[in-house]
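[1] could you look at this predicted model? Sequence included:
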Amino acid sequence: MRFVLLFLVVFFAGCGPDVRLPLKETRELVVLTRNGLTTYNKTEQKKIAGFDHDIVQMFAQELGIKCRFVVVANDAEILRRLKNGDAHFAAAWLLPGNEPEILNSTPYFKSQNVLVTHEASLPLNDIGQLAGRTVQVVEGSRQEAALRAVQDQVPGLKIATDHNNEIDILKGVANQRFEAALVNNAEFSIGINFFPELQDAMRVGPEKPIAWLFAPGVDPELVAKADAFLERIQSNGDLAALRDRYFGHINRLDQEDRGKFIERMHTVLPKYRPLFHAAQVSTGIDWRLLAALSYQESHWDPLATSPTGVRGMMMLTEDTADQLKVKNRLDPVESIRAGSEYLDSLRNALPPSVKEPDRLWFALAAYNLGMGHLNGARFIAKTLNADPDSWYEMKKVLPLLSKPQYYSRLKSGKGRGGEAVILTENIRIFYDILKRYQPAYRPLDMKQGELARISKASWKAAGSIQ
């Protein structure tokens, strides 16, 4: 009897959801997705992130239903399993299909295929120029399907499908192991920051909508609720804010800026890496974020000096240096320690209503602008019915600090809010690149006293780099 019960438990645990159940009887949403730059990925902190993932989680929370993601290899596998009823719907940067039994939601993004080549490659203007070439795609992707559709018209076109993620393909093109790849434009925009050698050689096909796809027979109420949810977050700005979090900063740098940063990351940063490690131990802020801030400020030049008198690797003002007991702003040990502590103090000074990651972006803006000006901008935001706790909203408000009709009402006066936005968005890009290329620093879990001793030793050891 015990064996029978165990068999039944295992059997039913392995069964997929009954997607035909009425929504009110559904205890768990099961959603198909795949790993990707725009969909679903695991961070270094073992947390799950991704634009598609976050939208689905928002929807599940609104319904008050738990959500379980099933990660599969590719788009083709998603469609197969969706038809099989293995999930309620799929969210993986998908196009609406032509199969009447698979319903799609209201579109929430637009996407276009991009042919990517190395910058040294000759320009391409027409799909026919792919004759005799090999183009890399993710196996089972819609990019593979798009090339298959034209393969008969392009003599000698070869389609290489032995890949399961876009970042490996883009890296291969950047390293000139592959001559071309076909990805969507969002993936290219992210990837070019990691691999500045890439170029957008040609757009292939028109822009197409991105939507959720529902399993055959799913409760129509679920589809209606999803449509209403997606339409609402598009109209109330929630979708725009989420889009900004993932994609709002990715197109700020030009090819020269990206190339210079990556070159200095390999040649200059290693010398100062121990200092940033020590700063992470002291503040709890990822060393790569601190290094990104330092690059934006000084390009990792310890002797940097601006016309306004700020100096050193973290470009400290004289007042800030005095406050943090810095004797020599041109000493990288002192500069990085003090600049990191100053950023940490700014982050801690923000009200609890400002949540991460926006809290960190606010602190970076205040590093450039000063907390008085940042608070002034937050006051302006309230008068404009903008959210003073949202970086997406404050990006639009901060530049108003240079306009008399706004700053004249503030005790802090005129400020360079637009400059603070540019600085923060650039740092976000540099941080993304460093997270791709540089490993996290993970001192063993220790008590606070032990960490303090490690920090002191780290600074002492780091000081020896001079």
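    Thanks, I have it. Numbers count the residues shown, from 1 in each chain.
[2] isn't residue 416 right up against residue 370?
    No - if you go by C-beta atoms under 8 Å, residue 416 and residue 370 don't touch, sitting 9.8 Å apart. For every residue, glycine as well, the C-beta is placed using N, CA and C.
[3] now do the domain split for the protein, please.
    17-106+211-247, 110-208, 255-463 (automatic domain parsing).
[4] off-centre distance for the first one?
    Once both centres are worked out by C-alpha atoms, centre = their mean, to the nearest Å, domain 17-106+211-247 turns out to sit 19 Å from its chain's centre.
[5] for it, give the mean pLDDT please.
    Mean pLDDT, domain 17-106+211-247: 94.
[6] and for the second one?
    Averaging pLDDT along domain 110-208 yields 93.
[7] number the chain from 34, please
    Shifting the count to begin at 34 puts that one at domain 143-241.
[8] what is the end-to-end distance of it?
    End-to-end distance for domain 143-241: 5 Å, by C-alpha to C-alpha, to the nearest Å.
[9] any idea which strand is longest in the chain?
    Looking across the chain with DSSP state E, the single longest strand is strand 231-247.
[10] buried residues in that one?
    231-232, 234-235, 237, 241, 243-247 (16 or more other C-beta atoms under 10 Å).
[11] how about stretch 400-408?
    Going by neighbour count (16+ other C-beta under 10 Å), the buried part of stretch 400-408 is 400-404, 406-408.
[12] what residue is smack in the middle of the protein?
    Ranked by distance to the mean C-alpha position of the chain (C-alpha atoms, centre = their mean), the top residue is residue 279 at 4.2 Å.
[13] can you list contacts of the host helix or strand of that residue?
    Assigned by DSSP states H and E, residue 279 belongs to helix 271-280. Contacts with helix 271-280, where a contact means C-beta atoms under 8 Å, 6 or more residues apart in numbering, come from 71, 83-84, 87-88, 91, 141-142, 219, 222-223, 263, 265-267, 390, 423-426, 428.
[14] make a PyMOL selection of whichever of those residues turn out to be buried.
    Selection of buried members from those for PyMOL, criterion 16+ other C-beta under 10 Å:
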select buried, resi 71+83+84+88+91+141+142+219+222+223+263+266+267+423+424+425+426+428
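[15] taking the contacts of helix 271-280 one by one, which sit in helices?
    Among these, the members falling in helices (DSSP state H) are 84, 87-88, 91, 219, 222-223, 263, 265-267, 424-426, 428.
[16] any weak-confidence spans in the stretch 334-483 of the chain?
    477-483 (pLDDT under 70).
[17] so where do the strands sit in it?
    In order along the chain, the stretch 334-483 of the chain carries no strands (DSSP state E, counting those that start in this stretch).
[18] quick one, helices of it?
    Here the stretch 334-483 of the chain has its helices, by DSSP state H, counting those that start in this stretch, at 351-356, 365-382, 391-402, 404-416, 424-430, 437-440, 450-470, 481-496.
[19] columns distance to residue 342 on top of those helices, output as TSV?
    Shown next, in TSV, are the helices of the stretch 334-483 of the chain (distance: least, C-beta to C-beta, whole Å):
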stretch	distance to residue 342
helix 351-356	7
helix 365-382	14
helix 391-402	15
helix 404-416	18
helix 424-430	27
helix 437-440	22
helix 450-470	16
helix 481-496	25
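[20] closest one to residue 110 among those?
    Nearest of the helices of the stretch 334-483 of the chain to residue 110, taken as C-beta to C-beta: helix 450-470 at 26.5 Å.
[21] okay, and the beta partners of the residue nearest to residue 127 when sequence neighbours are not counted?
    Counting by C-beta to C-beta, 6 or more residues apart in numbering, residue 246 is the residue found nearest to residue 127 once chain neighbours are left out, at 5.4 Å. Note on residue 246: beta-bridge partners by DSSP bridges are residue 123, residue 137.
[22] which residues are in contact with the closest residue to residue 128 other than its chain neighbours?
    In this structure, residue 128 finds its nearest non-sequential neighbour in residue 241, 5.2 Å apart by C-beta to C-beta, 6+ apart. For residue 241, the contacting residues are 128, 143-145, by C-beta under 8 Å, 6+ apart.
[23] tell me the one of the residues you listed nearest residue 253?
    Checking the contacts of residue 241 against residue 253 by C-beta to C-beta gives residue 128 as the nearest, at 21.7 Å.
[24] these two touch, right, that closest one and residue 175?
    Yes - the criterion here is C-beta under 8 Å, and residue 128 meets it with residue 175 at 5.9 Å.
[25] between the two, which one's more packed in?
    residue 175 (22 against 17; other C-beta atoms under 10 Å).
[26] can you give me the distance of that one to residue 182?
    Distance of residue 175 to residue 182, computed by C-beta to C-beta, to the nearest Å: 10 Å.
[27] one more: residue 242?
    Look at residue 242 and residue 182: by C-beta to C-beta, they are 18 Å apart.
[28] of the contacts of residue 241 - the most surrounded one?
    Among the contacts of residue 241, residue 144 has the most neighbours (other C-beta under 10 Å), with 19 neighbours.
[29] that residue touches residue 216, doesn't it?
    No - assessed by C-beta under 8 Å, residue 144 is found out of contact with residue 216, at 10.1 Å.
[30] that older thread, just name the most buried of the helices of the stretch 334-483 of the chain.
    The highest mean neighbour count among the helices of the stretch 334-483 of the chain, using mean count of other C-beta atoms under 10 Å, belongs to helix 391-402: a mean of 24.
[31] what's that helix in contact with?
    Identification of contacts with helix 391-402 by C-beta under 8 Å, 6+ apart yields 318, 322, 326, 375-376, 379-380, 382-383, 387, 406-407, 422-425, 427, 431, 434, 448-450, 452-454, 456-457, 460-461.
[32] make it 6 Å
    For helix 391-402, the external contacting residues (C-beta atoms under 6 Å, 6 or more residues apart in numbering) are 376, 379-380, 383, 387, 407, 424, 448, 453, 456-457, 460.
[33] can you redo the residues you listed as a markdown table with distance to residue 115?
    A markdown table is the format used below for those (distance: C-beta to C-beta, whole Å):
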| residue | distance to residue 115 |
| --- | --- |
| 376 | 46 |
| 379 | 47 |
| 380 | 43 |
| 383 | 43 |
| 387 | 39 |
| 407 | 47 |
| 424 | 35 |
| 448 | 51 |
| 453 | 45 |
| 456 | 44 |
| 457 | 40 |
| 460 | 40 |
